[in-house]
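Asker: Quick one: sequence and predicted model below, then my questions.
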Amino acid sequence: MAPLVQAACASIPVETIEAELRSVCGDFSVRPRQAARGLVNGHVAERQLGGVTTAVVALDAASVVRDARAVRAAPGEHLFLLLQDAGTSRVVQRDASVELAPGDMYLVDSAHPSEFFYPGASTQISLHLPRRAMVERFGSICTGGAAILRDDPLLVAMRAVVAKMLDEAQAANARLGEGFLGLLGAYFHCLEAQASSAERAANAVLSRALALIERHAADPAFGPTALAERLNVSERTLQRHFQTLGETPRRRILLARLEAARRRLVGAGGAANVTAVALDSGFNDLSYFYREFRARYGVAPGAVRQTLAATPLGGGRGDPPHLA
């Protein structure tokens with residue numbers, strides 16, 4: 001995806017880029033990369049798009065932070081609609097962690113702490129929307145941080161309007177700005193018609209977590225910590241999502257391993273080596289495997305193998321017992 005702007009960066013002291021950022025965006029701190037010795041490649045340019053102040057932020061730093069102290073000192077008056085124009089970034093706000101690729105958008109709420117991580121050079125276009133006016137127009141759904149889903153056709157339309165505003169004269173920008181807000185309102189309306197943003201986020205995290213468990217449970221090193229890292233959420237947040245199932249991530253991983261072992265024992269028709277099955281299913285402690293298998297299915301793993309081995313070819317007295 002071709003960038004909408006071309007941003008020229010220079011190596012400057014971190015204090016200089018912080019001053020540029022604060023003059024346009026508010027109280028943010030810049031953390032340079034460790035090897036940078038207090039220097040960053042960056043540039044902040046101010047534009048007016050659609051009647052609102054807009055910042056083009058080109059930066060190659062480790063992260064940018066607006067912490068709780070900054071929020072208390074200068075309560076947020078804006079929602080920052082970020083358009084990732086070049087490079088990638090990760091936005092963290094209120095337990096949500098969202099990866100942004102070129103073309104993606106995220107609505108940051110300056111009334112809450114936020115952090116932005118950059119694996120490499122990044123350029124973002126940030127439209128500064130007055131928070132109070134946005135809440136009056138769209139309601140609370142636009143607050144607290146909101147990702148605009150990359151597969152939504154409205155994102156494509158909004159990006160096209162931003163591109164048009166960058167090219168048009170100021171007189172045309174006002175009309176384009178109102179059109180842009182209309183598209184943003186349509187997006188929020190669709191969210192409200194389907195489910196609350198919190199419900200959508202929770203369902204997405206839980207669905208991805210269950211899929212990852214099925215895929216990686218056979219790895220003995222895969223546990224709640226690894227699962228949370230893959231989902232870019234904290235372990236506490238992960239625990240909260242699993243409360244809807246009445247279990248913990250650790251318990252869900254254990255059950256997936258036990259079921260995998262049971263399927264292997266049944267599928268081998270009595271010829272399976274129990275130790276090999278346990279190891280292949282993600283267990284590296286055999287006594288723990290035997291104890292949990294018996295607690296789950298009421299019989300020892302060896303008893304399953306012996307029962308299947310004793311069953312005559314063709315089924316004998318019936319199908320192997322279902323132990324789930």
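Answerer: Ah, there it is.

Asker: When you work out contacts or count neighbours from here on, use the C-alpha atoms and nothing else.
Answerer: Noted.

Asker: what's the longest helix belonging to the chain packed up against?
Answerer: Under DSSP state H, the helix in the chain containing the largest number of residues is helix 170-194. With contacts taken as 3 or more C-alpha pairs under 8 Å, 6 or more residues apart in numbering; DSSP states H and E, helix 170-194 sits against strand 39-49, helix 153-167.

Asker: Any regions of the stretch 101-250 of the chain where pLDDT drops low?
Answerer: Low-confidence segments of the stretch 101-250 of the chain (pLDDT under 70): 171, 194-203, 244.

Asker: go again using 50 as the cut-off
Answerer: For the stretch 101-250 of the chain, no stretch is flagged by pLDDT under 50.

Asker: What degree of burial does Ala268 show, as a neighbour count?
Answerer: By other C-alpha atoms under 10 Å, 14 other residues sit near Ala268.

Asker: Check what pLDDT it gets.
Answerer: In this model, Ala268 is scored at 72, pLDDT.

Asker: Could you measure from it over to Ala62?
Answerer: Computed as C-alpha to C-alpha, to the nearest Å, the Ala268 to Ala62 distance reads 51 Å.

Asker: next one: Ser89
Answerer: 10 Å.

Asker: Those two: who's more crowded?
Answerer: Ser89 (22 against 18).

Asker: In the sheet, which residues pair with that one? Tell me.
Answerer: Taking DSSP bridges as the rule, Ser89 bridges to Leu100.

Asker: picking up where we left off before, what residues do Ser89 and Ala62 have in common as contacts?
Answerer: By the contact definition C-alpha atoms under 8 Å, 6 or more residues apart in numbering, Ser89 and Ala62 are jointly contacted by Phe117, Tyr118, Pro119.

Asker: Buried among those? Need that as a selection in ChimeraX.
Answerer: The ChimeraX selection below is limited to those of the shared contacts of Ser89 and Ala62 classed as buried (16 or more other C-alpha atoms under 10 Å):
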select :117,118
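
Asker: Which of the shared contacts of Ser89 and Ala62 fall within helices?
Answerer: Among those, none falls in helices (DSSP H).

Asker: from the shared contacts of Ser89 and Ala62, which is closest to Val57?
Answerer: Distances from Val57 to these, taken as C-alpha to C-alpha, are shortest for Tyr118 (12.3 Å).

Asker: so who does the residue nearest to Cys9 when sequence neighbours are not counted touch?
Answerer: The shortest distance from Cys9 to any non-neighbouring residue, by C-alpha to C-alpha, 6 or more residues apart in numbering, is to Gly42 (4.8 Å). Listed by C-alpha under 8 Å, 6+ apart, the contact set of Gly42 reads Ala8, Cys9, Ala10, Ser11, Ile12, Ile17, Val57, Ala58, Leu59, Asp60.
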